[in-house]
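Peer 1: I would like to see how this sequence folds:
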Amino acid sequence: MAWYPGAIKMELQPESDQQPAIRPTQFILHSIAAPWAARRMYEYWRDSTNLDSHFGLGYAGDLGQYIGTETRADANYRANRRADGTGAVSIETASNLQHTDPWTAEQVEELIKLGVWLHQRHGIPLRICRSWDDPGYGYHSLHPEWAVSGTACPGKARIEQFREVVFPGIVARATSTEEDDMTPEQAKQLADLAVAVKGLTAAVKRIEEKQRIAPWQYKQEGLADTRDMNQILRDVDKTVRVTATGGITPDQVSALVKQIAARVATDISARLAN
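Peer 2: Residues are numbered from 1 along each chain as shown. From the prediction side, this is the model:
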């Protein structure tokens, strides 16, 4: 199991030892609908319910960790642990009773720092989850499979903060940290890869939209294209992580970017035009 050095360890037992292992691929943010400190959340999980989360964050930025990030916690419904052993890391954050207030500046800072660590420690990709089982970052109401009966958590104000402040902050800080160890050429190639990933994501979205609109015309080809493009996306994400640690040369990255651009331009754009 893995413990974040920026949190106060408040280990829940027997859950920490008895719940099954996961391979963390997602980080899901919650509001607990109570103005509790991290210690009070720990006491609630320990004494009042058989549910739990990995982390708890108070208004003042006090951060507690209750379960290691490679052990299942209960806050994310079907994303707690999937059949393939992957699962989501969860954080409950102090809020008003209706979870309508925004995160405090102290909470925002801790969410960003934790998000960066999860990317560095577990390789969670720097993107918002595109589906309930897609690796990345999200908030509780983003996908219905993450909540038993549906939810508005963490609330409109915090969803806006997630999209406009928290998630961009995680990406900016994680990218900056990785680029500190790169040459200027490597940093440029990493930026090129980010552009390629963005373009590929848009291509996949267009394919899926066309498949839904005209399934009788595009069903088999659309499904094949989507599988191909999702595989390329996974390859690119892997390459970005390897590049950030100096595992391949800038020339190799450049060649991959050109290859991806060519495939998008010829294979995908041409098919969508037909």
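
Peer 1: Now do the same contact list for the closest residue to Leu114 other than its chain neighbours.
Peer 2: Closest residue in space to Leu114, ignoring its immediate chain neighbours: Tyr4 at 6.3 Å, by Cβ to Cβ, 6 or more residues apart in numbering. C-beta: built from backbone N, CA, C; applies to glycine. Contacts for Tyr4 were tallied using Cβ atoms under 8 Å, 6 or more residues apart in numbering; they are Phe55, Leu63, Gln65, Thr69, Leu114, Trp117, Arg121.

Peer 1: So which of these are in helices?
Peer 2: Leu114, Trp117, Arg121 (DSSP state H).

Peer 1: So the last one sits against Met1, correct?
Peer 2: No - shown here, Arg121 and Met1 do not form a contact pair, counting by Cβ atoms under 8 Å, at 11.6 Å.

Peer 1: follow-up on the earlier one: farthest pair in the contacts of Tyr4?
Peer 2: Leu63 and Arg121 (15.2 Å; Cβ to Cβ).

Peer 1: what residue ranges in the chain score low on pLDDT?
Peer 2: Scanning the chain with the threshold set as pLDDT under 70 gives 177-274.

Peer 1: Phi, psi for Ile8 please.
Peer 2: When read as degrees, to the nearest 10, the backbone of Ile8 gives phi -80, psi 120.

Peer 1: Specify the beta-bridge partners of the residue lying closest to it once chain neighbours are set aside.
Peer 2: Leaving aside its sequence neighbours, Ile8 sits nearest to Gly64 (Cβ to Cβ, 6+ apart; 5.0 Å). Bridge pairing for Gly64 (DSSP bridges) gives the partners Ile8, Gly56.

Peer 1: that older thread, quick one: buried ones out of the ones in helices among the contacts of Tyr4?
Peer 2: Buried positions within the ones in helices among the contacts of Tyr4, assessed by neighbour count (16 or more other Cβ atoms under 10 Å), are Leu114, Trp117.

Peer 1: shared neighbours of Arg121 and Met1, anything?
Peer 2: Common neighbours of Arg121 and Met1 (criterion: Cβ under 8 Å, 6+ apart): Thr69.

Peer 1: where along the stretch 101-250 of the chain do the strands fall?
Peer 2: 136-139 (DSSP state E, counting those that start in this stretch).

Peer 1: on that earlier part again, share the number of residues neighbouring the residue nearest to Ile8, please.
Peer 2: By the criterion of other Cβ atoms under 10 Å, Gly64 has 24 neighbours.

Peer 1: separation between it and Ala7?
Peer 2: 6 Å (Cβ to Cβ, to the nearest Å).

Peer 1: residues shared between the contacts of the two?
Peer 2: Phe55.

Peer 1: need the helices for the stretch 51-200 of the chain, in chain order.
Peer 2: For the stretch 51-200 of the chain, helices defined by DSSP state H, counting those that start in this stretch occupy the ranges 105-122, 156-161, 167-179, 184-213.

Peer 1: rewinding a little: would you confirm that the residue nearest to Leu114 belongs to a strand?
Peer 2: No - per DSSP: H, G, I helix; E, B strand; the rest coil, Tyr4 lies outside any strand segment and is coil.

Peer 1: Would you mind identifying the next helix or strand past the host helix or strand of His30?
Peer 2: Secondary structure from DSSP states H and E places His30 in strand 23-31. Using DSSP H and E, the helix or strand that follows strand 23-31 towards the C-terminus is helix 38-47.

Peer 1: Next, the buried residues of that next one.
Peer 2: Buried residues in helix 38-47 (16+ other Cβ under 10 Å): Ala38, Arg40, Met41, Tyr42, Tyr44, Trp45.

Peer 1: thought the last one was touching Phe55?
Peer 2: What that stands for is Trp45. No - Trp45 is beyond contact range of Phe55, at 11.1 Å (criterion: Cβ under 8 Å).

Peer 1: could you check the distance from the closest residue to Val166 other than its chain neighbours over to Ala105?
Peer 2: The spatial neighbour of Val166 that comes closest, neighbours along the chain excluded (Cβ to Cβ, 6+ apart), is Leu111 at 5.1 Å. Leu111 is 11 Å from Ala105, where distance means Cβ to Cβ.
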